[in-house]
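1. Next input, structure requested:
(chains A and B)
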Amino acid sequence: MDRFDTKVQYLKYSVLKEVARHAWDDTLWESIVDIPKDIVPGRTPTMRCCVYKERAILAERVKLATGGDKRNPNVIEVIDIACDDCPAGGYEITNACRGCLAHRCMDACKKGAITLDHNQKAHIDKSKCVECGMCAKVCPYSAIINSKRPCQNSCKVKAISMSEEKAAKIDNDKCIACGACVYQCPFGAISDKSFILNVIDIIKKSCGNEKYKVYAVVAPSIAGQFSYVTPGKVIAGIKKLGFFSIVEAALGADMVALNEAKELAEKGFLTSSCCPAFVKYIETQFPTLKANISSNLSPMATIAKYIKSTDPTAKIIFIGPCTAKKAEFQKKEVRPYIDSVITFEELQALFDSKDIDLKSLEDEVLDNASYYGRIFARSGGLSDAVRQGLVENGITDFEYKPVVCDGIEQCRMALLKAAKNIPDGNFIEGMACISGCIGGAGCLTHGEKNRRDVDKYGMEAYEKTITDALSVLPGADKQ
Amino acid sequence: MVKVTVCIGSSCHLKGSRQLVERFQYLIKENKKDEQIELAGAFCMGKCASDGVSVTVDGDYFAVKPENADDFFRKQVLVRVGK
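-> Below is the predicted model:
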């Protein structure tokens, strides 16, 4: 449990692990209905009203772990029966209201929505309230709270509303699959679909990498994850799962940084294309800016394309922090290069489904990329890398003004300005998750420490410049 | 066409794949063999423990240290050109 931030993640992991364990053993279909009872045995409920509801929800989690609802194109799904129908009443006055004399709340409310009863206690007239929150700000007793659903609160692109049954509902056209709601829902009622079964199938059918070779492309945000062991042991663990070789997605990031710098200097204004959630946000909400999206594939797809140029029958699985990558790899321009996507959360479940004890493994190395490719994992890193890309391309007559957008709300502000032709700079680095990829919903742990870990991991790279990291790639210039 | 494939997986990278690739690229140009020698990369050849960077020449395996690049190129690669 201490390997995760929350008990919700742990529960999801437990389901993934059981599903994977049976899949390796080829016993999944005969035991699939027993998995909920294996996870919640006995008669005493620990999470919900009764064990039967717990098991019913677990059955839904098993469905998600095996690929989810095939009719729903979104990789993020609501488990209706797990949704607790949280109150969503907006600003409300609680018992902490003392009926004071000052009534700052009344003065602060410009809409006249606050009235007082015979005990001088405040009440909000919901027909007048505009949910501005001024009353809550000024109350000296903090007696006014905003009851907003955590999912709706986390979804800054406003894709979540309430269904007629009061459960959360996702608007697939607006959803960017960033997974913020997945991480924030305290009941675990929203989840990303899992492709672990495809991954297990790909590994098994390779017959020990004889029929074809299975490569893992690992995101640089892995620094800071699995912190209970050395990174070398995680790499050894991935090999032990049956992967032939592990390559850093950060090497793809190096390639992107160099090309993106060139493209920026040519076009004069660009938005980044690494974060699939940010790209979908532009495509759906700011279609006029579509032409400004960098024409580079994401680092994941870029390195996978190169690997397939060296080994055309290769199967490539991306392992990262990101739920939106699960949508990205299904796009027609990425599909030829990436065969499946899993998260760090799912990687942990795969390790444990095979009883791989990471601590007991000999360290292996992972070293392909430069410092700059590696720091893509955190907010600001991509902008630093493009700056370096300009230098290494010998472009000196271009005044570089990056706008670092940390989280989708900052992205929105920058895009609104760009759409009105008053951008704050000439390169918009858009990361949907706060802190960048290290804030991704598929991370095991989140926190300030992860940023330091990424920087440290960057400094440890064998190659110090982008050009050096790329000059090991014969033929990369012909890509 | 002689195909020289250099392992650029992590282990070999740390043993000097880049130096080797850069040297081979230089030697191919210097000997004007661009048309006869193709240089390629591979992410791992499964021989991470070998003493040197894994290299194959038309499928034959060698472990090459970057400091021996010139010697190797002359003895194992150039001799195959034109055969």
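2. Can you give me the distance of A:His182 to A:Leu64?
-> Residue A:182: Val, not His. The gap separating A:Val182 from A:Leu64 is 10 Å, by Cβ to Cβ, to the nearest Å. Heads up, the C-betas are built off the backbone N, CA and C, glycines and all.
3. what does A:Ile39 give?
-> 14 Å.
4. Identify the contacts common to these two.
-> A:Val15 (Cβ atoms under 8 Å, 6 or more residues apart in numbering or on different chains).
5. returning to that earlier point: A:Val182 and A:Leu64: which is more packed in?
-> A:Val182 (26 against 21; other Cβ atoms under 10 Å in any protein chain shown).
6. check which helix or strand covers the more buried one.
-> Element membership for A:Val182 (DSSP states H and E) is helix A:180-184.
7. Let me know how buried the closest residue in space to A:Lys137 that isn't next to it in sequence is, in neighbour terms.
-> Nearest residue to A:Lys137 in three dimensions, chain neighbours excluded: A:Ala108, at 7.1 Å (Cβ to Cβ, 6 or more residues apart in numbering or on different chains). Residues contacting A:Ala108 under the criterion other Cβ under 10 Å number 17.
8. Would you confirm that A:Ala108 contacts A:Val138?
-> Yes - A:Ala108 is within contact range of A:Val138, at 4.6 Å (criterion: Cβ atoms under 8 Å).
9. Show the contacting residues for whichever residue of chain A sits closest to chain B.
-> As assessed by Cβ to the nearest Cβ, chain B sits closest to A:Ser245 within chain A, at 3.6 Å. A:Ser245 is in contact with A:Lys213, A:Tyr215, A:Ala216, A:Lys239, B:Gly9, B:Phe43, B:Cys44, counting by Cβ under 8 Å, 6+ apart.
10. Remind me what the helix or strand hosting A:Ile316 packs against, helices and strands.
-> Here A:Ile316 sits within strand A:315-320, counting by DSSP H and E. Contacting strand A:315-320 under the criterion 3 or more Cβ pairs under 8 Å, 6 or more residues apart in numbering or on different chains; DSSP states H and E are the following elements: helix A:196-205, strand A:214-218, helix A:299-310, strand A:340-343, helix A:344-353.
11. quick revisit: and for A:Val182 and A:Leu64, which residues touch both?
-> In contact with both A:Val182 and A:Leu64: A:Ser191, A:Asp192, using Cβ under 8 Å, 6+ apart.
12. what residues are up against the residue in chain B positioned nearest to chain A?
-> Ranked by Cβ to the nearest Cβ, the top residue of chain B for proximity to chain A is B:Cys44, at 3.6 Å. For B:Cys44, the contacting residues are A:Phe244, A:Ser245, B:Cys7, B:Gly9, B:Ser10, B:Ser11, B:Cys12, by Cβ under 8 Å, 6+ apart.
13. same question, B:Gln36
-> Contacts for B:Gln36 (Cβ under 8 Å, 6+ apart) come out as B:Met1, B:Val2, B:Val81, B:Gly82.
14. thinking again about what came up before, tell me the one among the contacts of A:Ser245 nearest to A:Thr46.
-> Closest approach between these and A:Thr46, by Cβ to Cβ: A:Ala216, at 35.3 Å.
15. Please give the element, helix or strand, for A:Arg451.
-> Element membership of A:Arg451, judged by DSSP H and E, is helix A:448-459.
16. Enumerate the residues of chain B near chain A.
-> Within reach of chain A by Cβ under 8 Å from any Cβ of the partner chain, chain B has these residues: B:6, B:8-11, B:13-14, B:17-18, B:21-22, B:25, B:39-44, B:46, B:48.
17. Tell me which of these fall in strands.
-> B:Val6, B:Leu39, B:Ala40, B:Gly41, B:Ala42 (DSSP state E).
18. and those residues as a markdown table, adding pLDDT and neighbour count?
-> Below are these laid out as a markdown table (pLDDT from 0 to 100; neighbours: other Cβ atoms under 10 Å in any protein chain shown):
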| residue | pLDDT | neighbour count |
| --- | --- | --- |
| B:Val6 | 96 | 23 |
| B:Leu39 | 94 | 18 |
| B:Ala40 | 93 | 17 |
| B:Gly41 | 94 | 22 |
| B:Ala42 | 95 | 21 |
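19. Without its sequence neighbours, what residue ends up closest to A:Cys139?
-> A:Cys105 (5.5 Å).
20. how near is the one you found to B:Val77?
-> Note on A:Cys105: its distance to B:Val77, by Cβ to Cβ, is 83 Å.
21. Give me the next element, helix or strand, following the helix holding A:Val182.
-> strand A:190-192.
22. Show the average pLDDT along that next one.
-> For strand A:190-192, mean pLDDT is 98.
23. ok, and what's touching that strand?
-> Residues outside strand A:190-192 that contact it (Cβ under 8 Å, 6+ apart) are A:12, A:61, A:64, A:75-79, A:151, A:168, A:170, A:177, A:179, A:181-182, A:323, A:326, A:343, A:441-442.
24. excluding its backbone neighbours, what's nearest the residue of chain A closest to chain B?
-> In space, A:Ser245 is closest to B:Cys44, 3.6 Å off (Cβ to Cβ, 6+ apart).
25. While we're on that neighbour, how confident is the model there?
-> On the pLDDT scale, B:Cys44 gets 94.
26. Stretch A:460-468 vs chain B: in contact?
-> Yes - under the criterion of Cβ under 8 Å from any Cβ, chain B is reached by stretch A:460-468 at A:Tyr462, A:Glu463, A:Asp468.
27. Distance check, the second one against A:Arg374.
-> When Cβ to Cβ is the yardstick, A:Glu463 and A:Arg374 sit 10 Å from each other.
28. Equivalent analysis for A:Ile246, please.
-> If you go by Cβ to Cβ, the gap between A:Ile246 and A:Arg374 works out to 14 Å.
29. ditto for A:Val454
-> 7 Å.
30. quick one, phi psi at the most far-flung residue of chain A relative to its centre?
-> When each C-alpha in chain A is compared with the mean C-alpha position (Cα atoms, centre = their mean), A:His118 comes out farthest, at 50.4 Å. Per-residue torsions, A:His118: phi -70, psi -20 (degrees, to the nearest 10).
31. What of B:Asn31?
-> Given degrees, to the nearest 10, the pair of backbone angles that B:Asn31 has is phi -90, psi 0.
32. tell me, how many neighbours does it end up with?
-> By other Cβ under 10 Å, neighbour count at B:Asn31 equals 15.
33. do A:Arg98 as well
-> 14.
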